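Chemist: Following is a predicted model, sequence given first.
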Amino acid sequence: MLKKWLQCNVFRGIVSLLLASLIWLSLVAKFFDQPASNYIAAEKNAPLALSIAGRHIKFWTDPQLRQLELEKMRSRNAEWDFMARCFFVWSLANMGLRDPEMKSSALPVMDSIIDETIRLEKEHGIHFFLMPYGKYSEFKMQPERSIFIDGEIALMLGLRRLLEEKEEYRILHRERIDVMLERMQKGQVLCAESYPDECWLFCNSIALAAIKVGDYLDNTDHSDFFARWLKSARENLIDKETGILVAAYDLSGKNVSDGPEGSTIWLAAHCLQLIDPEFARDQYLKARQHLRSQFLGFGYAYEWPAGIGHDDVDSGPIIPVINLSAGSTGLAFLGAASFGDREYLAELYRSLEMGAFPVQTEHGIRYSASNTVGDAVLLYSIAQGPAWQKIMTGRQKQ
């Protein structure tokens, strides 16, 4: 009898402890809440955007600090160096459009980054910003080029022009657009290579956005190409189980190397807003359905549907059990912000405050669990909006 009583009480104690823990954890999430106005811009740029941008401006205008940061990133992945540049320039363009008082300080920083990036590409070739395996085989299309490099530079040029026209950049932007269109139309699914016989949706969707920005600025019209691209994507690049666009495939589109992944689709949906807003929203909602997760109010994202898959350079580290992907979660901020998903954004920012270890410096904020490119992506998720809105609301006036 005593044994049964003890067993019963031990069981009750364990259940009570678990319930108390769950209640406590659910309350903990409230401690990491912050006002939405801190990360959602209104008439002026959001405070968090200004804080992150402040540190990045210091980073890009201090040669010694910049060298240390770039060497650290390039020792891990040369792509991070390149992407940190691009996401920061895109962010500054949006911040300048939202607050004209910031334009005069943003433009010199943008120009410095753009000029240095193009110079490095010219001096060292495309492989300076690519991972080493890009040299292991030849690009199918010759001469070799990467839509990863062309697309992101073209979007830097385009958004800089959107903030303020510059004839030198207009010429460079048009040249990139012409090259991208020529090569994308040679691909069987209207996509160009990021790496040898490897097309990435991430890069091709950025290229589409850069072309659309050019249409707005120069009164050109590539709507027929966009319509053909969308038709091809629906017919060839949609995963049958989830309805989400696949991430990587060969030039034929028949051999898929990576199915739907979070580190791709959140960004792709953002870019596709310029091409087909309804299709883009549908892709975001499907990604939300299959990749979003949360635990007691803390939001995060899987890299692969249902959290099933391996980690790689795109996903970043994947935390076991909960299958949290650093790459997918970082870009989920952009997806949620692009489509006004405040519920998911609030969950993501709780996780950021709890797990990314923000550090306030004299020049702005940085996140210890992130790096320069991760912080730049976060900045862009907060800053984005004005550029897309301007382009989607009408043609440029002559």
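Modeler: On my side now, so go ahead.
Chemist: Give the buried residues for stretch 383-397.
Modeler: By 16 or more other CB atoms under 10 Å, the buried positions in stretch 383-397 come out as 383-388, 391. C-beta here means a position set from N, CA and C on the backbone, and glycine is covered the same way.
Chemist: how about residue 154, what does it touch?
Modeler: Applying CB atoms under 8 Å, 6 or more residues apart in numbering, one finds that residue 154 lies in contact with 173, 176-177, 180, 207, 210-211, 214.
Chemist: Out of those, the closest to residue 337 would be?
Modeler: residue 210 (20.1 Å; CB to CB).
Chemist: What's the per-residue pLDDT of residue 391 here?
Modeler: Note on residue 391: pLDDT of 97.
Chemist: Could you report the distance from it to residue 136?
Modeler: 38 Å (CB to CB, to the nearest Å).
Chemist: got it, and residue 212?
Modeler: Residue 212 is 33 Å from residue 136, where distance means CB to CB.
Chemist: between the two, who's got more neighbours?
Modeler: residue 212 (25 against 9; other CB atoms under 10 Å).
Chemist: That one touches residue 273, doesn't it?
Modeler: No. Counting by CB atoms under 8 Å, residue 273 is not a contact partner of residue 212; they are 9.6 Å apart.
Chemist: tell me the two of the buried residues of stretch 383-397 that are most distant?
Modeler: Every pair of those checked by CB to CB; the farthest is 383 and 391, at 15.4 Å.
Chemist: Look up how far residue 87 lies from residue 189.
Modeler: Counting by CB to CB - residue 189 and residue 87 are separated by 26 Å.
Chemist: Those two: which has the busier surroundings?
Modeler: residue 87 (28 against 19).
Chemist: How about the more buried one, nearest residue that isn't a chain neighbour?
Modeler: residue 376 (3.8 Å; CB to CB, 6 or more residues apart in numbering).
Chemist: burial count for that neighbour?
Modeler: 25.
Chemist: So it belongs to a strand, correct?
Modeler: No. Read with DSSP: H, G, I helix; E, B strand; the rest coil, residue 376 is helix and lies in no strand.
Chemist: didn't it look like it was pressed against residue 53?
Modeler: No. The criterion here is CB under 8 Å, and residue 376 misses it with residue 53 at 9.5 Å.
Chemist: Spit out the residues that contact the two alike.
Modeler: 88, 91.
Chemist: where does this structure have low pLDDT?
Modeler: Residue ranges of the chain with pLDDT under 70: 1-29, 31, 307-316, 395-398.
Chemist: now the strands for it?
Modeler: 199-200, 248-249, 256-258, 292-295, 298-301, 318-319, 324-325, 358-360, 365-367 (DSSP state E).
Chemist: Tabulate these (TSV), appending distance to residue 266.
Modeler: Converted to TSV, these look like this (distance: least, CB to CB, whole Å):
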stretch	distance to residue 266
strand 199-200	14
strand 248-249	16
strand 256-258	15
strand 292-295	10
strand 298-301	8
strand 318-319	16
strand 324-325	11
strand 358-360	22
strand 365-367	18
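Chemist: Nearest to residue 351 among the ones you listed would be which one?
Modeler: Going by CB to CB, the one of the strands of the chain nearest residue 351 is strand 298-301, 4.6 Å.
Chemist: Work out the sheet partners of the closest one and label each with its direction, please.
Modeler: The strands beside strand 298-301 in its sheet (DSSP bridges) come out as strand 292-295 (antiparallel).
Chemist: who touches the partner strand?
Modeler: With CB under 8 Å, 6+ apart as the test, strand 292-295 has contacts from 299-302, 307, 322-324, 332, 344, 347.
Chemist: Let's see that with 6 Å instead.
Modeler: 300-301, 347 (CB atoms under 6 Å, 6 or more residues apart in numbering).
Chemist: nearest residue to residue 253 other than its sequence neighbours?
Modeler: Nearest non-adjacent residue to residue 253, counting by CB to CB, 6+ apart: residue 189, 3.4 Å away.
Chemist: right, and that neighbour touches residue 234 too?
Modeler: No. The criterion here is CB atoms under 6 Å, and residue 189 misses it with residue 234 at 10.7 Å.
Chemist: Pull the contacting residues for residue 367.
Modeler: Residue 367 touches 356, 358, 375, counting by CB under 6 Å, 6+ apart.
Chemist: For residue 279, state which of these is nearest.
Modeler: Using CB to CB, residue 375 is the member of those that sits closest to residue 279, with 30.0 Å.
Chemist: State the number of residues packed around that closest one.
Modeler: There are 24 residues near residue 375, going by other CB under 10 Å.
Chemist: That's all I had, so thanks and see you.
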